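Student: got a predicted structure plus its sequence, pasted below:
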Amino acid sequence: MRAFAAAVSIAFALLSPVPSERPPVDERVEGPAPSERPPVDERVEGPVPSERPPVDERVEGWPQWGGPSRNFVAHTTIATSWPETGPRELWRRPLGDGFSSIVSDGTILFTMYRDGANDVVVALDASTGKTAWETKYEAPFDETCSQRLGPAPRAAPLIAGSRLITVSAGGLMNSFDLRTGEKQWAVPLVASSSDGKPCGFSSSPVAFGSTIITMAGGKGRGVVALDVATGRQVWASQDFANGYSSPILIDVEGRPELVAFTAGEVSGLDPVTGALEWSVPHPADYGVNVAMPVWGSDGLLFVSSAYNGGSRGLKVSRQGSSVKVEEKWAHKRVRIHFGNAVRIGDYVYTANGDFGAAPLVAVDVTTGDTLWRDRTVPRPSLIAVGKQLLALGEDGVLILATPAKEGLTVNGRAQVFSGTAWTAPALVGTTLVMRDRKEIVALQLKAGS
């Protein structure tokens with residue numbers, strides 16, 4: 001069980017108990033009246049740029065978990081090698097405890113940290129790291145995980161139009177004004193304590209049309225969609241127990257499909273109605289399915305987890321009005337504990353292993369064959385940029401590398417953090433932004449910088 005806790009908590013996980021006598025989600029939309037704010041809503045406002053550059057001059061943002069396409073693939077150009085000193089550091093500053101990843105609209109960065117019994121949502125100027133605004137609010141979390149990571153937020157925020165959506169470790173979803181940090185509404189995602197997870201809610205929500213979709217867990221509420229403007233429930237679907245993964249939207253021959261990787265299965269739902277279209281069992285011990293699935297334009301879906309979960313490749317296609325899913329391969333030689341995987345061409349790259357060093361591996365997604373293992377950085381979090389990989393190891397070492405069928409060529413290396421780094425980085429234009437549990441840092445990766 002100790003091993004289990006280490007994994008799950010590392011995975012930034014689920015929900016704390018919420019009183020079971022609370023009314024259904026669609027009756028529990030909370031938000032401050034225009035003229036008054038809750039006492040716990042302490043907003044510290046700093047300078048916000050009064051004029052933002054025109055859209056055509058703004059760099060590509062990182063609006064959600066996994067970036068613009070929600071697959072940790074960045075659409076930019078960076079240097080192909082670094083000097084011995086590493087890439088240029090733009091700024092570094094303290095940040096409170098948290099695992100929440102960083103998102104950005106291109107000029108402002110957003111993330112979360114913990115301050116006592118409260119979560120804090122913070123907006124930082126991407127060029128300087130200076131605080132634009134902060135909003136603090138109560139976010140209860142009763143952790144029962146045997147490896148105590150504390151109540152620090154796990155899930156990444158989501159930029160949805162002019163709103164910033166966040167989720168606490170206890171499963172409290174909030175909406176904030178993107179420019180000012182004013183709290184707009186709050187909805188507890190967990191209907192009862194039995195639907196929670198011991199190590200904290202980690203599912204990062206996804207936007208679809210005018211809704212926000214996330215896993216919730218519980219009878220009839222495995223996956224829910226909420227109205228982005230009000231937080232009111234639009235639909236709820238299935239009895240899935242909550243895992244630790246985040247949903248993705250894929251295009252299956254011209255129609256959108258929501259993929260949800262829950263505690264015991266990976267499933268496809270209609271994102272408009274929540275109707276179940278297919279489901280494939282993928283059991284893991286303790287329901288620890290964490291890593292977000294990886295989708296390819298060839299219709300192949302890669303799914304992986306640790307704790308005896310293993311990996312599988314699924315071919316997803318449409319047959320008339322229905323969806324066909326064919327398992328192409330499955331094995332337990334590759335097991336993603338937590339973190340992320342990226343796909344370049346026919347190969348998926350990820351950290352492999354429940355515990356220990358968890359080396360970087362290359363997997364042929366068409367066959368499931370493991371091509372190689374590389375121990376340059378332990379348990380790396382990844383971003384793909386063209387044919388290059390940015391890999392941040394849990395030891396705080398960042399590398400720039402070129403992966404190929406034959407192996408990995410390292411083109412740059414830098415020691416970024418002295419502590420454990422488990423949070424996936426974000427690439428905003430050519431600025432790489434990373435955090436651990438104490439600091440946040442920005443590096444310039446532009447060629448010639």
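Tutor: That came in fine, so what should we check first? This one's a predicted model, so the numbers in the text were calculated from it and none came from an experiment.
Student: pull out the buried residues from stretch 226-246.
Tutor: 226-228, 230-231, 233-238, 240-246 (16 or more other Cβ atoms under 10 Å). Yep, even glycine has a C-beta here, placed from its N, CA and C like the rest.
Student: what of stretch 355-372?
Tutor: Under the neighbour-count criterion of 16+ other Cβ under 10 Å, stretch 355-372 has A357, A358, P359, L360, V361, A362, V363, D364, V365, G368, L371, W372 buried.
Student: pull that stretch out as CSV, backbone CA atoms only.
Tutor: Coordinates of each C-alpha in stretch 355-372 appear next as CSV, following Å, rounded to 0.1, in the frame of the first residue of the first chain:
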residue,chain,number,x,y,z
PHE,A,355,8.7,3.1,-9.3
GLY,A,356,12.5,3.6,-9.5
ALA,A,357,14.2,5.5,-12.3
ALA,A,358,11.3,5.2,-14.8
PRO,A,359,13.5,5.6,-17.9
LEU,A,360,12.4,7.2,-21.1
VAL,A,361,11.1,4.7,-23.6
ALA,A,362,10.1,4.7,-27.3
VAL,A,363,7.1,2.6,-28.3
ASP,A,364,6.0,1.9,-31.9
VAL,A,365,2.3,2.8,-31.6
THR,A,366,1.4,0.7,-34.6
THR,A,367,2.7,-2.5,-33.1
GLY,A,368,3.4,-1.9,-29.4
ASP,A,369,7.1,-2.8,-29.8
THR,A,370,9.5,-1.1,-27.4
LEU,A,371,12.4,0.3,-29.4
TRP,A,372,14.7,1.5,-26.7
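Student: in strands, which of the buried residues of stretch 226-246 appear?
Tutor: Secondary structure from DSSP state E places L226, D227, Q233, V234, W235, A236, S237 of the buried residues of stretch 226-246 in strands.
Student: dump the residues you listed into a markdown table; add pLDDT as well.
Tutor: Listed next are these as a markdown table, based on pLDDT from 0 to 100:
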| residue | pLDDT |
| --- | --- |
| L226 | 98 |
| D227 | 98 |
| Q233 | 97 |
| V234 | 98 |
| W235 | 98 |
| A236 | 97 |
| S237 | 97 |
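Student: just the buried residues of stretch 355-372: which are in strands?
Tutor: Members of the buried residues of stretch 355-372 lying in strands (criterion: DSSP E): L360, V361, A362, V363, D364, L371, W372.
Student: list just the nearest of these to L164.
Tutor: Nearest to L164 among these is L360, at 32.3 Å by Cβ to Cβ.
Student: spit out the contact partners of the residue lying closest to the closest one once chain neighbours are set aside.
Tutor: Nearest non-adjacent residue to L360, counting by Cβ to Cβ, 6 or more residues apart in numbering: D374, 4.7 Å away. By Cβ atoms under 8 Å, 6 or more residues apart in numbering, D374 lies in contact with P359, L360, V361, G407, L408.
Student: let's see that with 6 Å instead.
Tutor: By Cβ atoms under 6 Å, 6 or more residues apart in numbering, the residues touching D374 are P359, L360, L408.
Student: columns distance to V259 on top of the residues you listed, output as CSV?
Tutor: Formatted as CSV, those follow (distance: Cβ to Cβ, whole Å):
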residue, distance to V259
P359, 27
L360, 24
L408, 29
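Student: what's the farthest-apart pair in the ones in strands among the buried residues of stretch 355-372?
Tutor: For those, the maximum inter-member distance is 15.0 Å, found between L360 and D364 (Cβ to Cβ).
Student: now for the ones in strands among the buried residues of stretch 226-246: which two are most distant?
Tutor: Across these, the longest distance by Cβ to Cβ is 15.7 Å; it joins D227 and S237.
Student: quick one: the strands in the stretch 101-250 of the chain?
Tutor: For the stretch 101-250 of the chain, the strands defined by DSSP state E, counting those that start in this stretch occupy 103-104, 108-115, 118-125, 131-138, 158-160, 163-167, 172-177, 183-188, 206-208, 211-215, 223-227, 233-237, 248-252.
Student: name every strand pairing with the fifth one and say which way it goes.
Tutor: Just to be clear, that refers to strand 158-160. When pairing is defined by DSSP bridges, strand 158-160 lines up against strand 163-167 (antiparallel).
Student: what's the partner strand in contact with?
Tutor: Around strand 163-167, the neighbours that count as contacts under Cβ under 6 Å, 6+ apart are 110, 112, 121, 155, 157-158, 173-176, 178, 201, 205, 212.
Student: tell me the mean pLDDT for that strand?
Tutor: Mean pLDDT, computed over strand 163-167, is 98.
Student: hang on, the earlier thing: would you turn the strands of the stretch 101-250 of the chain into a markdown table with distance to S449?
Tutor: Supplementary listing: the strands of the stretch 101-250 of the chain in a markdown table, determined by distance: least, Cβ to Cβ, whole Å:
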| stretch | distance to S449 |
| --- | --- |
| strand 103-104 | 19 |
| strand 108-115 | 19 |
| strand 118-125 | 19 |
| strand 131-138 | 24 |
| strand 158-160 | 26 |
| strand 163-167 | 29 |
| strand 172-177 | 33 |
| strand 183-188 | 38 |
| strand 206-208 | 32 |
| strand 211-215 | 36 |
| strand 223-227 | 41 |
| strand 233-237 | 45 |
| strand 248-252 | 33 |
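Student: between the ones you listed, which one is nearest to A421?
Tutor: Using Cβ to Cβ, the nearest of the strands of the stretch 101-250 of the chain to A421 is strand 108-115, at 14.0 Å.
Student: give me the low-pLDDT residue ranges for this protein?
Tutor: Where the chain drops to pLDDT under 70, the residues are 1-58, 143-148, 192-198.
Student: apply 50 and report the result again.
Tutor: The chain contains residues with pLDDT under 50 at 1-57.
Student: dump the residue contacts of G396.
Tutor: G396 makes contact with V416, F417, S418, A421, according to Cβ under 6 Å, 6+ apart.
Student: quick one: which of the residues you listed is nearest F338?
Tutor: Relative to F338, and with distances defined as Cβ to Cβ, the nearest of the contacts of G396 is A421, at 12.7 Å.
Student: which helix or strand contains the residue positioned nearest the centre of the chain?
Tutor: The centre of the chain sits closest to W65, judged by Cα atoms, centre = their mean, with a distance of 3.9 Å. Using DSSP states H and E, W65 maps to neither a helix nor a strand.
Student: residue contacts, it?
Tutor: By Cβ under 6 Å, 6+ apart, W65 lies in contact with S101, A156, S204, S246.
Student: before we move on, what about G220?
Tutor: By Cβ under 6 Å, 6+ apart, the contact set of G220 is A236.
Student: gap between it and V280?
Tutor: Look at G220 and V280: by Cβ to Cβ, to the nearest Å, they are 21 Å apart.
Student: returning to what we had before: okay, the contacts of G396 in JSON lines with neighbour count next?
Tutor: JSON lines is the format used below for the contacts of G396 (neighbours: other Cβ atoms under 10 Å):
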{"residue": "V416", "neighbour count": "23"}
{"residue": "F417", "neighbour count": "21"}
{"residue": "S418", "neighbour count": "11"}
{"residue": "A421", "neighbour count": "24"}
